[in-house]
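In: Provided below for reference: sequence and predicted model.
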2 protein chains.
Amino acid sequence: MPIRLSLVEDDHLIREAFTDLLNNTEDFLVVSSYSNCEDYLRNLGTDRPDVVLMDLELPRMGGVEGIERTKKLRPQTQLIVVTVYENDELVFKALCAGAGGYLTKNMPPSRLIEAIREIRQGGAPMSTNIARMVVASFQKNHHSPLTARETEVLERIAQGKSYTTIADELFVDKETIRTHIKNIYWKLEVHSKAEAIEKARKERFI
Amino acid sequence: MPIRLSLVEDDHLIREAFTDLLNNTEDFLVVSSYSNCEDYLRNLGTDRPDVVLMDLELPRMGGVEGIERTKKLRPQTQLIVVTVYENDELVFKALCAGAGGYLTKNMPPSRLIEAIREIRQGGAPMSTNIARMVVASFQKNHHSPLTARETEVLERIAQGKSYTTIADELFVDKETIRTHIKNIYWKLEVHSKAEAIEKARKERFI
DNA sequence: TGATAATCCCCTATTTTGGGTGAATGAAAC
DNA sequence: GTTTCATTCACCCAAAATAGGGGATTATCA
């Protein structure tokens, strides 16, 4: 049985180039291609694609929402984003929504074929820069204004723990934790837990 | 100038095989190889490697701590983990500690060379399974016991927001949020924010 | 018809939080 | 050898948040 493919891409030249390329590849079958998410989702049940190549810049419903809906309607569907965008926020939104791979359009056509085989074999095909962004998202900013202890405290705050709990865990007094929090707030220029967590996460201090 | 490489690997057969392979590759220079982290770290300043291939199962100091210390001593050093372990926890610990790539030992030797070039060009070389684990870590569990609304509420709790703030954001009354929280606690069998966040994060409900 | 989801209300008591001010210790840096 | 920094703790206050208990009304969906 061939690997069933659907394309969602609003540039019809690219759409046809991909269709040609993939239909001329052993084991691949392009069952459908669409210029928008709405038409694609309407036919998802009858198309039954194994893998979908999805663009993100689409008219009306965007690709990220398209990914989410695909996963709700048909969870076994695997999606690879194919786009020009390398924007942090968009990449993570797409992955959170359920994309299993992310390619940027400056790749050689052979990479597309490779990626489809890779995702079928349990991988997560990504362009070089995307993989780096993803791995970097696990790592802390080394230029944090917070001390080691303050970081430890804020990490626990971000786990929803109370001052008392944190104090117990770190074998210090509750007042000590309060002092650390005050210093953290001063350094991050915030006045509440939520703001501190948001800022620290954004800048990867925690 | 060649790419300077250090190896940290306690199996001396593998160490020598890698050294041979890499020293016979254009532009590569293995400047040192060690069977443990302690010796490696002591010489990091004089070795000045561009890329380090690091095993994780090491005597005394483990590879994860080795990665952390490397990044503190010499942040520009790039590290690729080369190990047999595909354990979730270890993978994420290594990446959080600062690893820029993660390969499992069932790869062809050519993949090692490719990976070193890849990390130098701004990539994050990973084995198939590792890449999948990393991408999956962004995605939610589709078998959550929580409703869409409850998930929305718990996500905001995990951002450190108060009931009042959440109520405002969702355009409902504070009492509604309280009811959701009670139901969340009942479903997750917990009795506090911290426990709810921990359980929900672990099971990827949020 | 029942189950579930989402909304809201009231009561109580305890804890938590944010802000202010101050201070002792020890280590590292200059 | 003084000074900066990190870490620790103390006490005051008032507002806010939290957890637990009870109950109720819609609307939807199977």
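Out: Nice, thanks for sending it over.

In: make it CA atoms for all contacts and neighbour counts henceforth
Out: Noted.

In: ok, now which ones touch the residue in chain A positioned nearest to DNA strand C?
Out: Nearest to DNA strand C in chain A, going by CA to the nearest atom of the strand, is residue A:192, at a distance of 3.2 Å. The contact partners of residue A:192, by CA atoms under 8 Å, 6 or more residues apart in numbering or on different chains, come to residue A:185.

In: Can you give me the distance of it to residue A:186?
Out: 11 Å (CA to CA, to the nearest Å).

In: Then residue A:166?
Out: Taking CA to CA, one finds residue A:166 at 20 Å from residue A:186.

In: swap in residue A:174?
Out: Counting by CA to CA - residue A:174 and residue A:186 are separated by 19 Å.

In: Between those two, point out the one with more neighbours.
Out: Under the neighbour definition other CA atoms under 10 Å in any protein chain shown, residue A:174 and residue A:186 were set side by side, and residue A:174 has more, 16 against 12.

In: What residues does that one make contact with?
Out: With CA under 8 Å, 6+ apart, residue A:174 has these contacts: A:163, A:164, A:166, A:167, A:168.

In: Can you report how many residues lie near the fourth one?
Out: This means residue A:167. Residue A:167 has 18 nearby residues by other CA under 10 Å.

In: what do you get for the second one?
Out: In terms of burial, residue A:164 registers 14 neighbours under the definition other CA under 10 Å.

In: Ok, the third one next?
Out: Number of residues near residue A:166 (other CA under 10 Å) recorded here: 21.

In: swap in the last one?
Out: By the criterion of other CA under 10 Å, residue A:168 has 12 neighbours.

In: What's the per-residue pLDDT of it here?
Out: Here, the pLDDT recorded for residue A:168 equals 97.

In: For the helix or strand hosting it, which outside residues touch it?
Out: If you go by DSSP states H and E, residue A:168 is part of helix A:163-169. For helix A:163-169, contacts defined as CA under 8 Å, 6+ apart pick out A:153, A:156, A:157, A:173, A:174, A:176, A:177, A:178.

In: Grab the nearest non-local neighbour of the last one.
Out: Yep, that's residue A:178 we're talking about. Nearest residue to residue A:178, sequence neighbours excluded (CA to CA, 6 or more residues apart in numbering or on different chains): residue A:163, at 7.1 Å.

In: do the same with the fourth one
Out: Leaving aside its chain neighbours, residue A:173 sits nearest to residue A:167 (5.5 Å; criterion: CA to CA, 6+ apart).

In: do the third one as well
Out: Among residues not flanking residue A:157 along the chain, residue A:193 sits closest, at 7.3 Å (CA to CA, 6+ apart).

In: residues touching that neighbour, list them.
Out: Counting by CA under 8 Å, 6+ apart, residue A:193 has contacts A:157, A:158, B:160, B:161.

In: Pick out the most distant pair among those residues.
Out: A:157 and B:161 (11.4 Å; CA to CA).

In: Have a look at those two and say which one is more surrounded.
Out: residue A:157 (23 against 20).

In: Now do the contacts for that one.
Out: Here residue A:157 is in contact with A:163, A:166, A:193, A:197, B:160 (CA under 8 Å, 6+ apart).

In: What's the end-to-end length of stretch A:4-17?
Out: First-to-last distance for stretch A:4-17 - CA to CA - comes to 17 Å.

In: rewinding a little: and the pLDDT at the residue of chain A closest to DNA strand C?
Out: At residue A:192, pLDDT is 97.

In: And for residue A:187?
Out: 96.

In: hang on, it in a strand?
Out: No - Residue A:187 sits outside any strand when classified using DSSP: H, G, I helix; E, B strand; the rest coil, being helix.

In: Excluding covalently adjacent residues, which one is nearest to it?
Out: residue A:145 (6.9 Å).
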